[in-house]
Each structure stands twice: as structure tokens, then as C-alpha cells.
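Visitor: The amino acid sequence is not available; the structure is as follows:
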């Protein structure tokens with residue numbers, strides 16, 4: 001499902017993560033994980049060719065595309081409860097020449113039907129963060145990587161509590177604060193984006 005085709009190579013002919021935001025089709029109604037945050041998220045997922053991964057709360061599909069770019073020949077799954085997000089994810093996958101199974105569903109309904117994978121990323125806004133993370137952990141293979149992106153302190157607290165209760169290892173919390181340049185009449189100024197918390201952990205081998 002992570003197969004790569006010639007059009008994707010023309011659009012982004014690099015293994016490097018952090019594909020420029022402007023290369024993705026976007027909508028004001030559907031969130032996108034910004035390119036610098038994606039680059040760090042991908043590094044925390046520790047992907048290889050042939051790996052399998054689940055993107056929970058795929059939004060525009062930018063992270064799903066980045067995952068497919070790393071796991072050539074592997075299997076990728078993307079979940080979102082928003083029909084517009086699912087449509088946009090499918091559009092962006094096609095635009096970059098990748099394939100993934102894109103699922104329109106609540107995460108708690110979709111996750112039990114999916115196979116165990118090497119890596120899971122959880123993003124978006126979910127009211128049942130603990131339950132989704134617990135289900136995600138159950139779908140991780142041993143030594144699998146879990147990454148959670150959030151802008152909410154409450155979600156970060158729920159995520160960390162769940163991770164520690166599950167006895168995951170190599171727990172790391174990184175706060176990412178990005179500023180981007182913008183030209184103004186007198187020169188160049190920096191505009192700050194919302195801080196993002198990136199929480200990562202590894203499922204033990206025993």
C-alpha cells in the first residue's frame with residue numbers, strides 16, 4: 001500500500017521528510033500538519049522501507065504521504081471521522097503517487113479491524129484520547145513506535161498517563177515552536193505558529 005509511482009517522484013523526488021506545505025492540496029476546513037512538525041514526527045516514528053504504519057486523525061493526509069515516502073513497499077492506513085479529510089487525504093496520496101488504505105470512521109471503530117503495525121501516529125482532536133492511545137498501543141508490534149502530536153495540554157496529560165500506565169519505554173516529550181519568515185515593506189519579520197507537543201515512546205520487546 002506504500003507503493004510509489006512516477007508522478008510522486010516528479011512532485012517530490014527526495015527521501016527527505018518535510019515536504020513543502022504548498023505542494024499539498026489544502027482546505028480551510030481540514031487541518032494540515034506543517035512541514036517542520038512533519039519532519040520531526042517522521043524522525044520520531046523511525047520508519048524503514050517495508051514497514052507498516054497507521055495515521056490516526058489524518059486530516060489533509062500530509063503525514064500519510066510522508067509515511068508512504070519512507071515505507072516504500074510497506075502498508076499505510078489513514079483514519080479520520082471527517083469526510084472532507086478523507087477525500088483530501090486520498091487526493092494528496094494520488095497527487096504524490098502513493099497508495100494507502102484511507103478509512104472514514106471513528107478511530108475506536110477502525111483500529112480493531114486493522115493489523116498490528118510498526119508505527120502509529122495519533123494527531124487531531126479526540127474526546128477519548130486515552131481509549132484511542134490504548135487501542136493504538138495494542139496494535140503496535142514489539143519495539144513499535146508510538147507518536148502523538150497535540151496542541152492541547154489536557155491531551156498531552158492524558159497521552160502521557162496512558163503511555164506510562166502501559167509501561168512503554170524511551171518516552172520523550174518535545175515541544176516544537178516554529179516561526180516562519182514573511183516579507184514586509186521594511187524587510188523580513190518572523191511569524192510564530194502554535195506550539196506543538198510531540199510525544200513519542202517505544203513498545204517493549206517483552
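Guide: That came in fine, so what should we check first? Just so it is clear, the structure is predicted and the values come from calculations on it, not from any experiment.
Visitor: Around residue 27, how many other residues sit close by?
Guide: A count of nearby residues for residue 27, using other CB atoms under 10 Å, gives 14. C-betas here are computed from N, CA, C, even on glycine.
Visitor: how many neighbours does the nearest residue to it once chain neighbours are set aside have?
Guide: With CB to CB, 6 or more residues apart in numbering as the criterion, residue 27 has its nearest non-adjacent residue at 5.8 Å, and that residue is residue 88. Applying the criterion other CB under 10 Å, we find 25 residues in the vicinity of residue 88.
Visitor: Please apply the same query to the one 5 residues further on.
Guide: Using other CB under 10 Å, the number of residues around residue 93 comes to 22.
Visitor: What pLDDT is listed against the residue nearest to residue 27?
Guide: Reading off the confidence values, residue 88 has pLDDT 97.
Visitor: Contact partners for it?
Guide: Taking CB atoms under 8 Å, 6 or more residues apart in numbering as the contact definition, residue 88 lies against 25, 26, 27, 30, 59, 60, 61.
Visitor: surely residue 141 meets residue 202?
Guide: No - applying CB atoms under 8 Å, one finds residue 141 not in contact with residue 202, separated by 10.8 Å.
Visitor: longest strand in this protein, by residue count?
Guide: Ranked by residue count, the top strand of the chain under DSSP state E comes out as strand 140-150.
Visitor: Tell me the strands beside that one, with direction?
Guide: Pairing partners of strand 140-150, with direction, according to DSSP bridges: strand 117-122 (parallel), strand 196-202 (antiparallel).
Visitor: highest average neighbour count across those?
Guide: Sort the strands paired with strand 140-150 by mean neighbour count, taking mean count of other CB atoms under 10 Å, and strand 117-122 sits at the top with a mean of 25.
Visitor: from the middle of its chain, how far away would that strand be?
Guide: Taking CA atoms, centre = their mean, to the nearest Å, the mean C-alpha location of strand 117-122 is offset from the chain mean by 9 Å.
Visitor: Same check on stretch 196-206?
Guide: Counting by CA atoms, centre = their mean, stretch 196-206 is centred 14 Å from the centre of its parent chain.
Visitor: for stretch 128-144, same thing?
Guide: Average the C-alpha atoms of stretch 128-144, do the same for its chain, and the two points are 14 Å apart (CA atoms, centre = their mean).
Visitor: Now it: average pLDDT?
Guide: Model confidence over stretch 128-144 averages 95 on the pLDDT scale.
Visitor: Between its first and last residues, what's the separation in it?
Guide: Distance across stretch 128-144, first residue to last, is 22 Å (CA to CA, to the nearest Å).
Visitor: show me where the protein has helices.
Guide: Using DSSP state H, the helices assigned to the chain run over residues 6-11, 35-45, 62-70, 83-96, 107-110, 129-138, 153-165.
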